[in-house]
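Q: Predicted model and sequence below, questions to follow.
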Amino acid sequence: MLVRENTGLIVVDVQGKLARLVHDSNALISNCEKLIKGAQILDLPIILLEQNPNKLGSTVNELGAILNGVEPLIKFTFNGCESLNFLEAIRNQNVDTWLICGIEAHICVYQTAKGLVELGYKVALVSDCISSRDLSNKQLCINRLRNNGVEITGVEMCLYELVKDCNSSEFKTILSLVR
């Protein structure tokens, strides 16, 4: 089970034109928005990655607007764990579990999640918050990560898991996000 006191969120490369070209991009962006807002309500640490933004563009406006104050970490490696600024950022958080969302599922999301597992972190892939240009590549990512010890979850599932109790002060706000 996810525990809010030791869980953070990593948003991977939801940038520029590519974010509009992935399978079901509107749902992806909408679900990522819910996940990010939920993480903010629950006061989870959030790390934002951008792959070569000079070429791919910056984080899409819908997410950039709600991530105000979260500086993107620029990377050039597909696996964020091979970027020193990312390694420093995750080590500076007091968490051992990372939710991960973003694009492209079979490239940067997959490699970063696998890298986190290899570093000893627990990872939960938020399956309705990832995508690729081709839907079969999203499924490939899910299958490969499941076989490598990554838990598979969904935005609503993980937020309720983190809230834990309908008497929680955050419950109604989370409920309004997912309904």
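A: Sure, I can see it.
Q: now for the longest strand anywhere in the chain, which elements pack on it?
A: When the chain is parsed with DSSP state E, its longest strand is strand 122-131. Here strand 122-131 touches helix 25-41, strand 97-103, helix 110-118, helix 135-146, strand 151-153, helix 155-163, going by 3 or more C-beta pairs under 8 Å, 6 or more residues apart in numbering; DSSP states H and E. (Glycine included, C-beta is placed from N, CA and C.)
Q: Partner strands of the shortest one and their direction?
A: Meaning strand 151-153. Strand 151-153 has the following strand partners under DSSP bridges: strand 122-131 (parallel).
Q: In space, what's closest to V12 - neighbours in sequence excluded?
A: Spatial nearest neighbour of V12, chain neighbours left out: G102 (2.9 Å); criterion: C-beta to C-beta, 6 or more residues apart in numbering.
Q: now do K164
A: R4 (7.9 Å).
Q: residues contacting L145?
A: Neighbouring residues of L145 by C-beta atoms under 8 Å, 6 or more residues apart in numbering: Y110, A113, K114, V123, L125, I152.
Q: By neighbours, which of the residues you listed wins?
A: Counting neighbours by other C-beta atoms under 10 Å, the top entry in the contacts of L145 is A113, with 30 neighbours.
Q: any idea how far that residue lies from T173?
A: 28 Å (C-beta to C-beta, to the nearest Å).
Q: returning to that earlier point: need the winner for burial among the helices and strands packed on strand 122-131.
A: Counting by mean count of other C-beta atoms under 10 Å, strand 97-103 has the highest mean neighbour count of the helices and strands packed on strand 122-131, with a mean of 26.
Q: Return the distance of that one from the chain's centre.
A: With C-alpha atoms, centre = their mean, to the nearest Å as the basis, strand 97-103 stands 3 Å off its chain's centre.
Q: ok, now stretch 44-63?
A: 11 Å.
Q: Check the average confidence over it, would you?
A: For stretch 44-63, the mean pLDDT works out to 97.
Q: end to end, how far does that stretch reach?
A: Chord length of stretch 44-63, first to last residue, is 16 Å (C-alpha to C-alpha, to the nearest Å).
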